[in-house]
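> Sequence first, predicted coordinates after that:
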Amino acid sequence: MLARDFARASQLLENATPAEKEGDMVPFFDGMVARAQHNAARARSSFQFLRDRVATKLRERPDDAELTSDLSMADAGLGLKENALREAKRAIELCPVSRDAVDGPFYETMLALVYAMTGEHDAALTQLEQIVRLPRGPDYGELRFDPLLDEIRTDPRFDRLLSQAALPPVYE
């Protein structure tokens, strides 16, 4: 994905083990590859499959931050902006940085990605500015190469984010 070799990424996903295909990452990445290749039908199918799978799990574990975040990404991929934003914010409520310095920044980053995926570019940049120097926040490589951030890379604030990401994290 990061190398933009989407044909190879598709091949790797097709060759995933049965155990890998049981998880949520294969449909997520398939949706992302399809989105990058402008294959709207396949992207919708993959994100809907992921959404259905995650929604089933959430019925059993409604306060699971990881599942809630996964649902936000599926909904963002489906264009369900309000749902995606609500779910991404809920994941942060379930696992705030103030309580979990390891996983909390991940959910903050996921909110930024949801903003970016749903066209809320200013909000995505603002969110990234707030978390870029956190330990376990988005790193230089993620910011520089993640296809989900392609649409905000042209904003002048993005260069400042990259400069900040190249510095060591701030521990408080």
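Here it is on my side, so go on.
> if we look at stretch 10-26, which residues are touching it?
29, 30, 33, 50, 53, 54, 70 (Cβ atoms under 8 Å, 6 or more residues apart in numbering). In this view, the C-beta of every residue, glycine as well, is placed from N, C-alpha and C.
> now stretch 137-149
With Cβ under 8 Å, 6+ apart, stretch 137-149 has contacts from 1-4, 32, 36, 105, 108-109, 112-113, 116-117, 124, 128, 131-132, 158, 161-162, 165-166, 169.
> and residue 110, what element?
helix 104-117 (DSSP states H and E).
> elements contacting that helix?
helix 65-77, helix 81-94, helix 121-131 (3 or more Cβ pairs under 8 Å, 6 or more residues apart in numbering; DSSP states H and E).
> quick one, which of these is packed in tightest?
helix 65-77 (a mean of 25; mean count of other Cβ atoms under 10 Å).
> What helices and strands are in contact with it?
Using 3+ Cβ pairs under 8 Å, 6+ apart, helix 65-77 is in contact with helix 25-36, helix 40-60, helix 81-94, helix 104-117.
> In this structure residue 58 contacts residue 69, no?
No: under the criterion of Cβ atoms under 8 Å, residue 58 makes no contact with residue 69, lying 10.9 Å away.
> Now do the helix holding residue 110, average pLDDT.
Averaged over helix 104-117, pLDDT sits at 97.
> before we move on, what about stretch 62-80?
In this model, stretch 62-80 has an average pLDDT of 98.
> Tell me how far the helix holding residue 110 lies from the chain's centre.
From the chain centre to the centre of helix 104-117 is a distance of 6 Å (Cα atoms, centre = their mean, to the nearest Å).
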